[in-house]
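Peer 1: Take this sequence and fold it.
(chains A and B)
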Amino acid sequence: MINQQTAEKIIVKMADYAVGEQGLLLATLGLGSCVGIALYDSFRKIGGLIHIMLPENPGQKKIVKYADTGIPFLISELEDMGASKRRMTAKIVGGAGMFKFEGGDPVMQIGRRNVEAVKNILKEENIKIIGEDVGKDYGRSMYFYLDDGKVEVKSFSRDLLII
Amino acid sequence: MDLKPEKKDILKEVANIGAGNAATAFSEMIGYTINMTVPKVEILAIEKLPCITGDEEDYIACIMINFEGEISGKILLVIDNQNVEKMLKLIFNTDSLPEKKMQMSALNELGNILSGAYLRAINDFTDLNLNQSVPALAFDMAAAVLSSSVIDYSQTEDYILLLETEFIAGDEKLEIFYFFIPEKDSLDILFERLGADSVD
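Peer 2: Residues are numbered from 1 along each chain as shown, chains lettered A, B, ... in the order given. This next block holds a predicted model:
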C-alpha cells in the first residue's frame, strides 16, 4: 500500500500542474479560494493535478492559472500520455472563502465562482466529478495517489477526509 | 514589472515613514516598546506569496485591510498562530483572555490602528487622500490565507509589489509581518506625487 511516506511525491504549486503514473503522489498545499482538480484514468492509472486561481483567462495569460484554459490543457496533457478522456473522472477540492468581517460575513466570493467555473468546464468536457470537498471557510491540502485515484484532504479544523 | 533602484529607494522611504508611525501607535496601544525591521521593497510573483512568511502549511492569523482614495491597495498583518494568544495577552494586559468575540475585536482594532497610522503618515508625506476599510480576518494555513488575500489583483497581474516590515513586540519578541501592497495603477500616482515620475 502506497502512503504519503513511501510514495514519490510531486508538489504542485499555485497556478501550476503535474501529471504522472502509478506509484506517484501529486500534492498541493494550502488551497484557499483556489481549486485543485485531480483528473484520473483508472484503467491506465494515469492522472494529473492542477491548482487554478481564477475562473477565466482574460487572454494571453498563463494557461494553468485559470480554470477555463487550465482544465482543457490538463486533459490534453493526459491524453498525450495515453489516458482516455472517456475514462477520466474528476475530484475537486478548495474554493473556500477565507476572510470574514467581524460580524461573520465573507469578504470575497472568488472561491465560489472558481468552483462554479470548474464544475461547468468539467460538464462541458463530459468528465464526471466523483468526489469533492469545496466551499465553506477553511484551507485544505490535497494528496492525490495515482495508484488508485484516492484523494486525501487535510485541513486544520477537520479530520482527514478521503474522497 | 520592473522598478528602478531610485524608485525602490523612494518606496523604502515611504515604508519607513509609514511603519515608523505605525510602530509608535502600536507601542502606545500596548505600552511596550515596538521594534521594527528596515522595510523591504519586493516585486514578487504571485505564486510565491504563499511562502512569504514561512511554510505553506503554517497556521497563521491574518488581518486584511483594503484602502482606497487617490491610491488603493491592501494592508496585510500576519501573525504566527502560536503568537496570537501572546499578542492578545499584551493587548489586554492580562493572562486570562476574554471571550473569543472580544479577542476578534481586539485583533481588528490592532489592524485599524496599525494601518491607520501607516496611511496617515503616507497622507502627510504625499498629501494623497486615503480611506481604510473595515478589517477582515482569517485564521488558517498560510498558503490558503495569503493566496486568497490578493486573488482580486491576480486576475490580470502576475506580480505584486510589497512593502514589507516586521514589528517586534515586547520581551517575548513577538513578530508581526506587515505588508503594504499598492495596486499597480496606484504606483504611478504615488511616484508622480513624490516627484519621481521623471525617474526612468
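
Peer 1: going forward, measure contacts between C-alpha atoms and count neighbours the same way
Peer 2: OK.

Peer 1: Can you get me a residue count around the closest residue to residue A:114 other than its chain neighbours?
Peer 2: Of all residues not flanking residue A:114 in the chain, residue A:55 sits nearest, at 5.1 Å (CA to CA, 6 or more residues apart in numbering or on different chains). Other residues near residue A:55 number 25, with proximity taken as other CA atoms under 10 Å in any protein chain shown.

Peer 1: Point out where the chain drops to low pLDDT.
Peer 2: Answering for chain A, as no chain was given. The model of chain A has pLDDT under 70 over residues A:1-6.

Peer 1: wait, I meant chain B there
Peer 2: Low-confidence segments of chain B, defined by pLDDT under 70, are located at B:196-200.

Peer 1: which residues of chain A fall in strands?
Peer 2: Taking DSSP state E to define them, one finds strands in chain A at A:8-11, A:16-21, A:24-31, A:35-41, A:46-52, A:88-94, A:100-101, A:128-134, A:140-145, A:151-154, A:161-162.

Peer 1: Quick one: those strands as JSON lines, columns for distance to residue B:61 and mean neighbour count too.
Peer 2: Output for the strands of chain A, formatted as JSON lines (distance: least, CA to CA, whole Å; neighbours: other CA atoms under 10 Å in any protein chain shown):
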{"stretch": "strand A:8-11", "distance to residue B:61": "24", "mean neighbour count": "16"}
{"stretch": "strand A:16-21", "distance to residue B:61": "26", "mean neighbour count": "21"}
{"stretch": "strand A:24-31", "distance to residue B:61": "14", "mean neighbour count": "27"}
{"stretch": "strand A:35-41", "distance to residue B:61": "21", "mean neighbour count": "30"}
{"stretch": "strand A:46-52", "distance to residue B:61": "23", "mean neighbour count": "29"}
{"stretch": "strand A:88-94", "distance to residue B:61": "19", "mean neighbour count": "24"}
{"stretch": "strand A:100-101", "distance to residue B:61": "12", "mean neighbour count": "18"}
{"stretch": "strand A:128-134", "distance to residue B:61": "22", "mean neighbour count": "17"}
{"stretch": "strand A:140-145", "distance to residue B:61": "16", "mean neighbour count": "27"}
{"stretch": "strand A:151-154", "distance to residue B:61": "18", "mean neighbour count": "20"}
{"stretch": "strand A:161-162", "distance to residue B:61": "24", "mean neighbour count": "14"}
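
Peer 1: want to throw the ones you listed into a markdown table with distance to chain B?
Peer 2: As requested, the strands of chain A are arranged in a markdown table below (distance: least, CA to the nearest CA, whole Å):
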| stretch | distance to chain B |
| --- | --- |
| strand A:8-11 | 11 |
| strand A:16-21 | 9 |
| strand A:24-31 | 4 |
| strand A:35-41 | 11 |
| strand A:46-52 | 11 |
| strand A:88-94 | 9 |
| strand A:100-101 | 4 |
| strand A:128-134 | 13 |
| strand A:140-145 | 7 |
| strand A:151-154 | 10 |
| strand A:161-162 | 17 |
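
Peer 1: Can you name the residue of chain A nearest to chain B?
Peer 2: residue A:32 (3.8 Å; CA to the nearest CA).

Peer 1: Nearest spatial neighbour of residue A:41, chain-adjacent residues omitted?
Peer 2: According to CA to CA, 6+ apart, the nearest residue to residue A:41 is residue A:88 (4.6 Å).

Peer 1: The one you found and residue A:47: what is the separation?
Peer 2: Distance check for residue A:88 against residue A:47: by CA to CA, to the nearest Å, it reads 9 Å.

Peer 1: Kindly point out which residues are neighbours of both of those two.
Peer 2: Here residue A:88 and residue A:47 have A:39-41 as joint contacts, going by CA atoms under 8 Å, 6 or more residues apart in numbering or on different chains.

Peer 1: Closest one of those to residue A:13?
Peer 2: The closest of the shared contacts of residue A:88 and residue A:47 to residue A:13 turns out to be residue A:39 (CA to CA; 16.6 Å).

Peer 1: What residues does the closest one make contact with?
Peer 2: Residues counted as contacts of residue A:39 (CA under 8 Å, 6+ apart) are A:47-49, A:75, A:88-91.

Peer 1: residues touching the residue nearest to it when sequence neighbours are not counted, list them.
Peer 2: The shortest distance from residue A:39 to any non-neighbouring residue, by CA to CA, 6+ apart, is to residue A:90 (4.6 Å). Residues in contact with residue A:90 (CA under 8 Å, 6+ apart) are A:37-40, A:122, A:127-131.

Peer 1: of these, closest to residue A:106?
Peer 2: residue A:37 (23.7 Å).

Peer 1: who touches the closest one in this structure?
Peer 2: For residue A:37, the contact set (CA under 8 Å, 6+ apart) comprises A:49-51, A:90-93.

Peer 1: How far does the host helix or strand of residue B:191 sit from its chain's centre?
Peer 2: In this assignment (DSSP states H and E), residue B:191 forms part of helix B:184-193. How far helix B:184-193 lies from its chain's middle: 18 Å, per CA atoms, centre = their mean, to the nearest Å.

Peer 1: residues in contact with it?
Peer 2: With CA under 8 Å, 6+ apart as the contact definition, helix B:184-193 has outside contacts at B:7, B:70-73, B:126, B:160-161, B:197.
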